[in-house]
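Visitor: with the input below, show me the fold.
(one chain, ligands or ions: 1)
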Amino acid sequence: MQVVCEDVRFTRGEFTLSCTGTFCPGLHFVTGRVGSGKTTLALLLAGLLDPLSGRVRRDEVERLTLSFQNPEYHVTGATVRAEIRSYGVDAAGVAAGVGLTDRLDDDPFALSRGELKRLHLASLLAGEYDLLVLDEPFSSLDCIQKHRLCRALETRRGGITIIFTHERQVLPAVDHLWEVEEGQVLDLGAVPEALARWRHAPQYLKEARARGDAPENITFRDAMEARCRTRD
Ligand SMILES: Nc1ncnc2c1ncn2[C@@H]1O[C@H](COP(=O)(O)OP(=O)(O)OP(=O)(O)O)[C@@H](O)[C@H]1O
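Guide: Numbers count the residues shown, from 1 in each chain. Model prediction:
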């Protein structure tokens, strides 16, 4: 299973996105500044946009989904119960997991944005997808929820999960790093080797590397552990 971008180019006015590279099974992390082209690439990978030239090949990908930054875009159910069921997963189990058991009969739009985002992500993660594309999955979540999402993403097995984000503070351990700069998609490679190439790494990683520490992954915990190892 893999998603391959073969000389993909997409143009919109002055903006051009270019990508060549392969997304293998595992957890991919794509960062870039506001307006750099992250959402455009997410839409191309999920097949919601077609390239102007080149092609996106999805080999052995049968079930795929894209999570938009705004959870409201996904709502189709009249109640929280119907909304969870629309993902084809168990409503009671998902609601319990996000503390919304007593809200099952409420209108999804009666939830706070953070609650709706949690509900949407939990419904997605309860399902099975070969390709899961997540655009800004951490937005609207508080620190505790971001940590929980990180652990859930890290334990996901079997498919291709691609996270697009500009967040730097609470990050999951990932397999592969990418950067988007003014429409150019850069394949930084597998972690940990890719860390040395990550220009927009979070400050704690930059500082760890400047001290000569060698974090094994991109989380704050990895940076701290590397620091302890170096002291030993
Ligand atoms: N529907 C659209 N019509 C015209 N221009 C668009 C449209 N969507 C995005 N753009 C432009 O395309 C470029 C890339 O946008 P894109 O949304 O992919 O960036 P991004 O990295 O996801 O940004 P953000 O971090 O703000 O979500 C930007 O210059 C943006 O203004």
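Visitor: state the three-state secondary structure for residue 95.
Guide: helix (DSSP: H, G, I helix; E, B strand; the rest coil).
Visitor: quick one: it and residue 105 touch, right?
Guide: No: assessed by C-beta atoms under 8 Å, residue 95 is found out of contact with residue 105, at 10.5 Å. In short, each C-beta sits where N, CA and C put it, glycine included.
Visitor: where do the contact lists of those two overlap?
Guide: 80, 81 (C-beta atoms under 8 Å, 6 or more residues apart in numbering).
Visitor: what backbone torsions are found at residue 217?
Guide: Backbone torsions of residue 217, given as degrees, to the nearest 10, read phi -150, psi -160.
Visitor: the nearest residue to it once chain neighbours are set aside: how many residues sit nearby?
Guide: Closest residue to residue 217 apart from its sequence neighbours, by C-beta to C-beta, 6 or more residues apart in numbering: residue 173 at 4.1 Å. By other C-beta atoms under 10 Å, 17 other residues sit near residue 173.
Visitor: how about residue 173, what does it touch?
Guide: 27, 150, 154, 191, 217, 218, 219, 222.
Visitor: again, 6 Å this time
Guide: Residue 173 sits next to 154, 217, 219 when contact means C-beta atoms under 6 Å, 6 or more residues apart in numbering.
Visitor: can you give me the distance of it to residue 189?
Guide: 16 Å (C-beta to C-beta, to the nearest Å).
Visitor: check residue 224 too.
Guide: Distance from residue 224 to residue 189, by C-beta to C-beta: 24 Å.
Visitor: among residue 95 and residue 105, which residue is more densely surrounded?
Guide: Higher neighbour count among residue 95 and residue 105: residue 95, with 21 against 10, using other C-beta under 10 Å.
Visitor: mind pulling up the pLDDT for the closest residue to the more buried one other than its chain neighbours?
Guide: Nearest non-adjacent residue to residue 95, counting by C-beta to C-beta, 6+ apart: residue 101, 5.0 Å away. On the pLDDT scale, residue 101 is placed at 96.
Visitor: interface residues of the chain facing the ligand?
Guide: Within the chain, the positions lying close to the ligand (C-beta under 6 Å from any ligand atom) are 12, 15, 32, 34, 35, 36, 37, 38, 39, 40, 166.
Visitor: then stretch 220-227 to PDB, C-alphas only?
Guide: Taking C-alpha atoms only, stretch 220-227 is exported to PDB below (Å, rounded to 0.1, in the frame of the first residue of the first chain):
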ATOM      1  CA  PHE A 220       9.200  17.000  23.700                       C
ATOM      2  CA  ARG A 221       9.600  13.800  25.700                       C
ATOM      3  CA  ASP A 222      12.200  12.600  23.100                       C
ATOM      4  CA  ALA A 223      14.100  15.800  23.300                       C
ATOM      5  CA  MET A 224      14.300  15.600  27.100                       C
ATOM      6  CA  GLU A 225      15.300  11.900  27.000                       C
ATOM      7  CA  ALA A 226      18.100  12.700  24.500                       C
ATOM      8  CA  ARG A 227      19.300  15.400  26.900                       C
END
